[in-house]
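K.L.:
Predicted model and sequence follow; I will ask about them next.
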Amino acid sequence: MPTRHPRGPLDAVIVGAGVVGAACAYYASRAGLAVAVVDRGSVAGGTTGAGEGNLLVSDKEPGPELDLALLSTRLWRELTEVLPPETEYEPKGGLVVAPDETALTALRAFADGQRKAGAETYEVPPDRLQELEPHLADGLAGGFHYPQDAQVQPARAAAQLLHAARESGAVVRLREEVTGILAAPGDGRIRGVRTRHGELLAPAVVNAAGTWGAALARLAGTELPVLPRRGFVLVTEPLPRVVRHKVYAADYIADVASGSAALQSSAVVEGTPSGPVLIGATRERVGFDRALSPEALRRLAVQAATLFPVLADVRVLRTYHGFRPYLPDHLPAIGPDPRVPGLFHACGHEGAGIGLAPATGHLIAAALSGAQPALDLRPFGPERFESGAAQ
């Protein structure tokens with residue numbers, strides 16, 4: 001039997017209770033929309049729960065994704081005023097370092113383009129690097145400081161966003177898998193979803209299913225080439241705050257932008273308020289293979305110790321991994337799908353979903369309510385893949 005919102009009919013069903021789905025629910029409910037969030041697992045049970053919590057401006061090239069990141073930077077700061085401290089928001093800033101003059105020249109050009117697009121970035125000469133990071137390796141050519149880079153605890157952030165959405169009337173239904181998308185006969189317009197427990201009727205469905213975004217799109221009768229991209233993270237024993245910022249070498253930016261399916265690794269090193277140092281991240285397209293990769297872990301450990309020699313003898317207590325929702329052009333799909341009336345997408349953010357979640361939720365809420373979006377949605381349009389861009 002159809003299930004209805006306790007305050008009346010639903011305006012939208014959001015599929016996915018990760019941080020992106022939670023942000024969509026938060027902003028949609030604050031806009032006065034009646035929404036339900038449905039997930040086959042738990043809150044942050046997929047990519048979000050396996051993330052480091054990066055809120056990065058520093059790795060985004062000028063264009064739509066940087067615009068999205070800058071909007072999210074502002075929104076995350078606003079959220080810290082209303083969400084409890086358990087989200088562990090920390091505006092620690094980022095430091096991108098170059099091992100040689102060739103890398104520094106390329107990084108300088110990259111940072112100049114970002115600055116013109118609105119990012120804050122400041123060159124740090126080699127003799128000033130250790131003022132920012134006392135334990136950083138000697139011999140680096142220089143770097144760039146990004147004060148807008150920040151950090152949250154991703155699972156807690158998702159949970160707090162959903163809690164706030166529920167206080168605004170949202171319904172959250174966990175461990176309830178969507179098995180079908182309901183469509184009206186004739187024009188095929190969305191009219192809700194089907195789960196094992198019945199039907200949820202709504203004129204809009206938001207695909208915030210992360211790495212399963214392609215499967216949900218197929219249920220709606222369309223295609224979105226989301227693929228899983230596996231990544232590992234190392235967690236050290238608790239330490240004094242030996243790493244103050246998010247620190248990584250310039251080649252990480254190229255890894256993020258690469259479309260290669262092969263194993264790539266470039267260490268991002270950061271301390272946490274509780275003491276352990278987090279070391280990520282690798283990237284490889286191996287489907288949903290959850291097997292441990294000793295080579296990926298070895299590369300991360302070596303690269304981290306190269307940046308911070310003090311970490312060479314530190315114990316790694318555990319490792320974890322997850323799957324990032326990859327789209328071929330490295331831009332998420334955000335907004336209405338013109339091929340299926342009533343279907344909206346909010347997925348494909350790869351490793352940037354935690355950082356980009358507030359902007360995505362804000363844009364989806366505007367699209368659902370017919371308001372003017374804060375950014376042009378055309379670069380994120382899901383129909384851009386119709387020519388078969390998935391590789």
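P.N.:
Yep, that arrived.

K.L.:
Now the host helix or strand of V96: buried residues?
P.N.:
Per DSSP states H and E: V96 is located in strand 94-98. Using 16 or more other C-beta atoms under 10 Å as the test for burial, strand 94-98 gives 94-98. From N, CA and C alone the C-beta is placed, and that goes for glycine too.

K.L.:
so where is the stretch 101-250 of the chain shaky, pLDDT-wise?
P.N.:
In the prediction, the stretch 101-250 of the chain carries no residues with pLDDT under 70.

K.L.:
For Y146, see how far away the closest residue to D149 other than its chain neighbours is.
P.N.:
Nearest non-adjacent residue to D149, counting by C-beta to C-beta, 6 or more residues apart in numbering: G94, 3.2 Å away. Using C-beta to C-beta, to the nearest Å, G94 is found at 4 Å from Y146.

K.L.:
Residues that sit against both of the two, list them.
P.N.:
Overlap of the contact sets of G94 and Y146 (by C-beta atoms under 8 Å, 6 or more residues apart in numbering) consists of 56-58.

K.L.:
Among those residues, which ones are in strands?
P.N.:
Per DSSP state E, strands hold no members of those.

K.L.:
Closest one of the residues you listed to E86?
P.N.:
L56 (21.6 Å; C-beta to C-beta).

K.L.:
my read is A267 is in a strand, agree?
P.N.:
Yes: counting by DSSP: H, G, I helix; E, B strand; the rest coil, A267 is part of a strand.

K.L.:
List the contacts of it.
P.N.:
When contacts are counted by C-beta under 8 Å, 6+ apart, A267 touches 248-249, 252, 279-281, 300, 303-304, 306-307.

K.L.:
how far away is it from A157?
P.N.:
According to C-beta to C-beta, A267 and A157 sit 24 Å apart.

K.L.:
same check, this time on R166
P.N.:
In this view, R166 and A157 are 15 Å apart by C-beta to C-beta.

K.L.:
do the same with R230
P.N.:
Where A157 is concerned, R230 sits at a distance of 22 Å (C-beta to C-beta).

K.L.:
Just want to know which of those two has more residues nearby.
P.N.:
Under the neighbour definition other C-beta atoms under 10 Å, R230 and A157 were set side by side, and A157 has more, 28 against 24.

K.L.:
At which residues are the helices of the protein located?
P.N.:
Using DSSP state H, the helices of the chain run over 19-30, 64-79, 101-116, 129-132, 154-167, 213-219, 251-257, 294-307, 353-369.
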